[in-house]
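# fold the following, please.
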Amino acid sequence: MQSTRTLKDRFFLIIKGLAMGAANKVPGVSGGVVAFVAGFYEEFIYSLQCVNKTALKLLLNGRFKSFYRYINGKFISLLFFGMIVSYFSVSKVLDYLIANYELYVWSLFFGMILGSIYYISKDFGEWNRKTILTLVFGAAVGLSISFLDPATENDNLFFVFLCGIISVSGMTLPGFSGSFILILLGNYVLLLVDSVNALNDTIFDIFSGDFEFIKNEARVRLLKVLSVFTLGSIAGLVTFSHILSYILKHYKSITLSTIMGFIIGSLGVVWPWKETIYKTNSEGASILDSTGKQIIADFERFLPEFNTQTYFAIAYIALGILIVLGLEWYGHKTRQLKV
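Numbers count the residues shown, from 1 in each chain. Predicted structure coming up:
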């Protein structure tokens, strides 16, 4: 019975990785919120913290099994496997849904974030002046970020490395959307669309036995950009995890109230009723990326009119809340079974 349950836990951990990966790619949605609501946020942070000097020594000395156990390898590998699969599959479905059912997708995310706020706050019993102030501070920062104007695209490798460090905050800080930050930095299309497509094309060419892409300067440049971005993301994950694990250990209530504030502030980004503003040239024509997609410049938010579409959107908000409550119920039931 125990082995069956373990197998089920592994399966659901991959599913959680899929959800995290999909959330990380959608502007305005934070993969960290998924980790928080699904109940594995602290384990995620503490596992990443184990990537340190001791882990490096174990790896260099060839003690691979000890290294794997030390960094909680089973947990990390299954979670990241889910994220990688999501990046090349589930997130593609999300791209399609946002393009064709934008209002309803944002409504679902809005509801899930509302549910997340309830989930985190219901058991938080340490309200005092400090935690209230940090809650307000977190909400103000999150809301302010959602109204910043995006920068222009920049493929300088040092800047791309910094983008990797900053964008990974969406995984470690619930409520901070890494993909939305990339839009603000001007590099969302370059790093999450163009470079990923270049990698997909390259993998297909390699399996087809076609190595002509080596002579394609644009393709090689995009692969170099993706490599540097990945290195920056890894550096950011390890760095943020060490900082956050220390803060969680010594200032848990203040950290949780700040995170709650970030999540509240992120509601401004995922507000369902908004119009996407695309970048245009001097003649007023839309600027397209290498895949022919229009490049996002900003979002213009507005209050909805009460019609059939709005009622459906409200229903999707309710569904989003119910999904989070369902995850909470499942997590609570699983914990009881383990006890």
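
# L222 against V193, yeah?
No: shown here, L222 and V193 do not form a contact pair, counting by C-beta atoms under 8 Å, at 10.3 Å. All C-beta spots, glycine's among them, are computed from the backbone N, C-alpha and C.

# ok, these two, which is more surrounded?
The residue with more neighbours, out of L222 and V193 and counting by other C-beta atoms under 10 Å, is L222; that gives 23 against 17.

# grab the nearest non-local neighbour of the more buried one.
Spatial nearest neighbour of L222, chain neighbours left out: A198 (3.8 Å); criterion: C-beta to C-beta, 6 or more residues apart in numbering.

# need the contact list for G265.
G265 makes contact with G138, A139, A140, V141, G142, L143, S144, I145, S146, G175 under the criterion C-beta atoms under 8 Å, 6 or more residues apart in numbering.

# and the fourth one, that's in a helix?
Read it as V141. Yes: going by DSSP: H, G, I helix; E, B strand; the rest coil, the assignment for V141 places it inside a helix.

# how much space separates it from H250?
Counting by C-beta to C-beta, to the nearest Å, the gap from V141 to H250 is 21 Å.

# and the two? Which one has more around it.
Neighbours around V141 and H250, counted as other C-beta under 10 Å, are more numerous at V141. The numbers are 16 against 9.

# quick one: the strands in the stretch 151-300 of the chain?
Using DSSP state E, counting those that start in this stretch, the strands found in the stretch 151-300 of the chain span residues 274-278, 296-301.

# weakest of those in terms of mean pLDDT?
Out of the strands of the stretch 151-300 of the chain, the stretch the model trusts least by mean pLDDT is strand 296-301, with a mean of 68.

# what is the neighbour count of N52?
N52 is flanked by 14 other residues according to other C-beta under 10 Å.

# ignore what I typed, I meant V269.
Under the neighbour criterion other C-beta under 10 Å, V269 is assigned a count of 27.

# how many neighbours does K130 have?
With neighbours defined by other C-beta under 10 Å, the count for K130 comes to 13.

# distance of the nearest residue to it once chain neighbours are set aside from I247?
Spatial nearest neighbour of K130, chain neighbours left out: I254 (5.8 Å); criterion: C-beta to C-beta, 6+ apart. From I254 across to I247, the span is 8 Å (C-beta to C-beta).

# between these two, tell me which one has more neighbours.
Each of I254 and I247 has its neighbours counted (other C-beta under 10 Å); I254 has more, 18 against 14.

# look at the more buried one and report its pLDDT.
Looking at I254, its pLDDT is 88.

# I84 against G21, yeah?
Yes: here I84 lies in contact with G21, judged by C-beta under 8 Å, at a distance of 7.0 Å.

# so the two - more neighbours on which side?
Neighbour tally, I84 and G21, criterion other C-beta under 10 Å: the higher count belongs to G21, 26 against 13.

# just checking, that one touches A35?
No: here G21 lies out of contact with A35, judged by C-beta under 8 Å, at a distance of 11.5 Å.

# now R129: how far from F40?
For R129, the distance to F40 (C-beta to C-beta) stands at 31 Å.

# quick one: buried residues of stretch 94-104?
Buried residues in stretch 94-104, counting neighbours by 16 or more other C-beta atoms under 10 Å, are found at L94, D95, I98, L103, Y104.

# the fourth one contacts I314, doesn't it?
I take that to be L103. No: with contact defined as C-beta under 8 Å, L103 and I314 do not form a contacting pair (10.7 Å).

# CA-only coordinates of the helix or strand Y119 falls within in PDB, if you can.
For Y119, the host element (DSSP states H and E) is helix 102-122. C-alpha atoms of helix 102-122 as PDB (Å, rounded to 0.1, in the frame of the first residue of the first chain):
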ATOM      1  CA  GLU A 102      -8.400  35.300 -23.600                       C
ATOM      2  CA  LEU A 103     -11.200  36.600 -21.300                       C
ATOM      3  CA  TYR A 104     -12.100  33.200 -19.900                       C
ATOM      4  CA  VAL A 105      -8.400  32.200 -19.400                       C
ATOM      5  CA  TRP A 106      -7.700  35.400 -17.400                       C
ATOM      6  CA  SER A 107     -10.900  34.900 -15.500                       C
ATOM      7  CA  LEU A 108      -9.900  31.400 -14.400                       C
ATOM      8  CA  PHE A 109      -6.400  32.700 -13.300                       C
ATOM      9  CA  PHE A 110      -8.000  35.600 -11.500                       C
ATOM     10  CA  GLY A 111     -10.300  33.100  -9.600                       C
ATOM     11  CA  MET A 112      -7.300  30.900  -8.800                       C
ATOM     12  CA  ILE A 113      -5.400  33.800  -7.300                       C
ATOM     13  CA  LEU A 114      -8.400  34.900  -5.300                       C
ATOM     14  CA  GLY A 115      -8.600  31.300  -4.000                       C
ATOM     15  CA  SER A 116      -4.900  31.400  -3.200                       C
ATOM     16  CA  ILE A 117      -5.300  34.500  -1.100                       C
ATOM     17  CA  TYR A 118      -8.000  32.800   0.900                       C
ATOM     18  CA  TYR A 119      -6.000  29.600   1.200                       C
ATOM     19  CA  ILE A 120      -2.900  31.400   2.600                       C
ATOM     20  CA  SER A 121      -4.800  33.800   4.800                       C
ATOM     21  CA  LYS A 122      -7.200  31.400   6.500                       C
END
